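with the input below, show me the fold.
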Amino acid sequence: MFDLITSKDSNVKNDVLSGITVALALVPEAVAFAFVAGVEPMIGLYAAFMMGLITSAIGGRPGMISGATGAMAVVMVALVAQHGVQYLFAAVILAGLLQILCGVFKLGKFIRLVPYPVMLGFVNGLAIVIFLAQLGQFKIVNSLGELQWMQGSMLYWMLGLVGLTMSIIYLLPKLTKAVPASLVAIVTVTALVHGLDLEARTVIDFVRDLLPADQKDSATLAGELPTFAIPMVPFTWETVMIVLPTSIILCLVGLIESLLTLSLIDEMTDTRGRGNKECVGQGVANTVNGFFGGMGGCAMIGQSMININSGGRGRLSGISAALVLLGFILFAAPLIEMIPLAALVGVMFVVVIATFEWASFRIVRGVNKEDAFVLFLVTGVTVIADLAIAVVVGVIVSALVFAWKHARHIAVKSHIDDDNWKVYELEGPLFFGSVTHFRDLFDIANDPDDVVIDFKESRIWDSSGIDALDTLADKYLEQGKKLHIRHISDECRSLLRKADKFVEINVNEDPRYRVATDKLA
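Alright, predicted model coming up:
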């Protein structure tokens, strides 16, 4: 619907300017996700810096931005609440090591098993989640300490500044693409708000709202360099058992979100990222986070889209974003604190529009109902639950849909040969989904005394198919008829219990394939 990509190729100027834009947008999200996880804001900012720097330097997808994310923050809440932040650091280290192992053993390729409707649902769901998250910026804390929606002039100025930001981002590229439109929009709106003293909430107002009343006056984003420290937890097996469940979930959620974001950027830029290398990069970044006081994280689809739409293509864009963010923390916190939230919300609204797959509406009208159902299911679960659950649900449902479709693909051609034997020539796979239809293909009562089942154009996929063939042989045997089975593999024959004696062996013509079953050692 909107072609917001300003450049297809990487260059130093675009990467650096895009990195600055991304760094500005990283600040409020890193702070917000830190509070979601129940840790201090600086822990989220450190995570955004270290994740962004390391994954950009050694990851498998140039141009992709990583940092503290909501998907992983939600997983951390229970561990932090029960055992404290030091156990979180230990869990992040272990999650990072698990991610490195996933990359070393080349498990990243399994992201290719995610069907296209699941990918569309993932993208649309995340776009909706990003949009809903921005609505929280339209709320303020009242005198009773409760959140309420903005009203009056404050709301009107907020809407107007958001609209102005989006207009600049859309219109500026028509005049010039020398600088990222998002960066120009943020600078322009910030100057306008403070130059005219407009009624607008800023980043530091957002931070104050998240802090207890006794800490609001001292709120700041200024900090120091992260320092190395081994997590202060007992080095015992009990500690491993405490952090292991959280680490496994962090590992899986982080890799799923990162690899799906990688695939999305591949599609947008017509390039190919390296999934296994990205697993290693994410793992190293999370491991370092645990030792340097960060909350860990993974790829951020919102910031990645800002980067891509602003012209960031190379590793320098992510490295620049991380270093600029560190510069903000160390030297320029007052400048970041004065940025209006409306400018950042406007940038994120543009990201939502660019991220949402508007073509999916056209696809829904054209594709079959099963794919449309999977698309809407994954979108809904992403919004209601989280990304990892949505992808798992989508893959499972897609597999069941695939099985249901192929269950109807088994068919038979029958004829009487020269010996007056009836020959059934099967076509299609015999597996758990097609066994019911398979049984209905045969006319046992009216068949002649000799019946041939020819599997030359068919395959037995699993133990359900084996059992169905055994049952069929038993029924023919009860009728006093002789069954002949042709063209099945040696493994199929060894798995048969009742029909094995009916198999005709032809070494030159019999196929060789294996069956999905646990009956063989």
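
show me the contacts for Val114.
Neighbouring residues of Val114 by CB atoms under 8 Å, 6 or more residues apart in numbering: Phe122, Leu260, Ser263, Val391, Gly394, Val395. Using the backbone N, CA and C atoms, a C-beta is placed for each residue, glycine as well.

do the same with Pro226
Contacts of Pro226 by CB under 8 Å, 6+ apart are Tyr46, Phe49, Met50, Phe292, Gly293, Gly294.

same thing but 6 Å
Shown in contact with Pro226 (CB atoms under 6 Å, 6 or more residues apart in numbering): Tyr46, Phe292, Gly293.

quick one, which of these are buried?
Buried by 16 or more other CB atoms under 10 Å: Tyr46, Phe292, Gly293, out of these.

dump those residues into CSV; add secondary structure as well.
Compiled in CSV, those are given as follows (DSSP: H, G, I helix; E, B strand; the rest coil):
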residue, secondary structure
Tyr46, helix
Phe292, coil
Gly293, coil
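
just the residues you listed now: which is nearest Ala30?
Tyr46 (8.7 Å; CB to CB).

so the residue lying closest to that closest one once chain neighbours are set aside: helix, strand or coil?
Spatial nearest neighbour of Tyr46, chain neighbours left out: Gly294 (4.2 Å); criterion: CB to CB, 6 or more residues apart in numbering. Here Gly294 is recorded as coil under three-state DSSP.

who are the packing partners of the one helix or strand Gln99 maps to?
Per DSSP states H and E: Gln99 is located in helix 85-104. If you count contacts as 3 or more CB pairs under 6 Å, 6 or more residues apart in numbering; DSSP states H and E, helix 85-104 packs onto helix 70-83, helix 237-269, helix 275-291.

nearest to Phe331, out of the ones you listed?
helix 275-291 (22.4 Å).

pull the distance from the closest one to the chain's centre.
Here helix 275-291 is found 16 Å from its chain centre; the criterion is CA atoms, centre = their mean, to the nearest Å.

for stretch 339-358, same thing?
20 Å.

next, the buried residues of that stretch.
339-357.

pull the residues that contact that stretch.
Contacts of stretch 339-358 (CB under 6 Å, 6+ apart): 1-2, 4, 25, 28, 120, 123-124, 127, 130-131, 134, 137, 158, 161-162, 165-166, 169, 182, 186, 189-190, 193, 200-203, 206, 302, 305-306, 309.

equivalent analysis for stretch 138-147, please.
Here stretch 138-147 has contacts from Gln148, Trp149, Met150, Asp209, using CB under 6 Å, 6+ apart.

restricted to helices, list those.
Asp209 (DSSP state H).

nearest to Gly70, out of the contacts of stretch 138-147: which one, please.
Using CB to CB, these come closest to Gly70 at Asp209, 17.4 Å.

which intervals of this structure have sub-threshold pLDDT?
1-10, 112, 363-368, 387-388, 406-408, 498-500, 505-510, 512-521 (pLDDT under 70).

got the end-to-end distance for stretch 325-341?
17 Å (CA to CA, to the nearest Å).

in it, what's buried?
Leu325, Leu326, Gly327, Phe328, Ile329, Ala333, Ile336, Glu337, Ile339, Pro340, Leu341.

ok, those residues vs Lys481, which is closest?
For the buried residues of stretch 325-341, the nearest to Lys481 is Leu325 (77.8 Å; CB to CB).

list the contacts of Ala468.
Ala468 touches Val435, Phe438, counting by CB under 6 Å, 6+ apart.

how far away is it from Thr382?
38 Å (CB to CB, to the nearest Å).

how about Ile130?
11 Å.

quick one on the thing from earlier: format the contacts of stretch 138-147 as TSV; extra columns: distance to Thr271 and neighbour count.
Formatted as TSV, those follow (distance: CB to CB, whole Å; neighbours: other CB atoms under 10 Å):
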residue	distance to Thr271	neighbour count
Gln148	46	10
Trp149	42	9
Met150	42	16
Asp209	40	17
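
do a quick rundown of the strands in the protein.
66-67, 139-141, 147-149, 298-299, 411-416, 422-430, 450-460, 482-486, 503-504 (DSSP state E).

out of the ones you listed, the one nearest Gly318 is which?
Per CB to CB, nearest to Gly318 of the strands of the chain: strand 66-67, 7.5 Å.

give the other helices and strands that the closest one contacts.
helix 41-58.

not counting the helix it packs on itself, show me its contacts.
26, 30-31, 33-34, 66-68, 223, 226, 281, 284-285, 288-289, 293-297, 315, 318-319, 321-322, 325-326, 329.

how about a cut-off of 7 Å?
Under the contact criterion CB atoms under 7 Å, 6 or more residues apart in numbering, helix 41-58 has outside partners 26, 30-31, 33-34, 65-68, 207, 223, 226, 281-282, 284-285, 288-289, 292-297, 315, 318-319, 321-322, 325-326, 329.

circling back: which one of the buried ones among the contacts of Pro226 sits closest to Leu17?
Proximity to Leu17 was ranked across the buried ones among the contacts of Pro226 by CB to CB; first place goes to Tyr46, at 24.3 Å.

tell me how far stretch 147-158 lies from the chain's centre.
34 Å.

buried sites along that stretch?
For stretch 147-158, burial by neighbour count (16+ other CB under 10 Å) applies to Met150, Trp157, Met158.

for stretch 116-136, same thing?
117-131, 133-134.

for stretch 48-60, same thing?
Ala48, Phe49, Met50, Met51, Gly52, Leu53, Ile54, Thr55, Ser56, Gly59, Gly60.

picking that back up, any chance of the strands of the chain in JSON lines, plus distance to Ser18?
Listed next are these as JSON lines, based on distance: least, CB to CB, whole Å:
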{"stretch": "strand 66-67", "distance to Ser18": "15"}
{"stretch": "strand 139-141", "distance to Ser18": "30"}
{"stretch": "strand 147-149", "distance to Ser18": "33"}
{"stretch": "strand 298-299", "distance to Ser18": "16"}
{"stretch": "strand 411-416", "distance to Ser18": "56"}
{"stretch": "strand 422-430", "distance to Ser18": "49"}
{"stretch": "strand 450-460", "distance to Ser18": "51"}
{"stretch": "strand 482-486", "distance to Ser18": "64"}
{"stretch": "strand 503-504", "distance to Ser18": "65"}
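
from those strands, which stretch is densest packed?
strand 66-67 (a mean of 34; mean count of other CB atoms under 10 Å).

and that strand, which strands flank it?
Pairing partners of strand 66-67, with direction, according to DSSP bridges: strand 298-299 (antiparallel).

list of residues touching the partner strand?
Residues contacting strand 298-299 (CB under 7 Å, 6+ apart): Met64, Ser66, Thr69, Met72, Gly254, Glu257, Ser258, Thr261, Leu262, Gln282.

the fourth one: what's it in contact with?
Listed by CB under 7 Å, 6+ apart, the contact partners of Met72 are Leu250, Val253, Gly254, Gly296, Gly297, Cys298.

distance of it from Ser458?
46 Å.

show me where the stretch 401-521 of the chain has helices.
435-439, 463-478, 490-495 (DSSP state H, counting those that start in this stretch).
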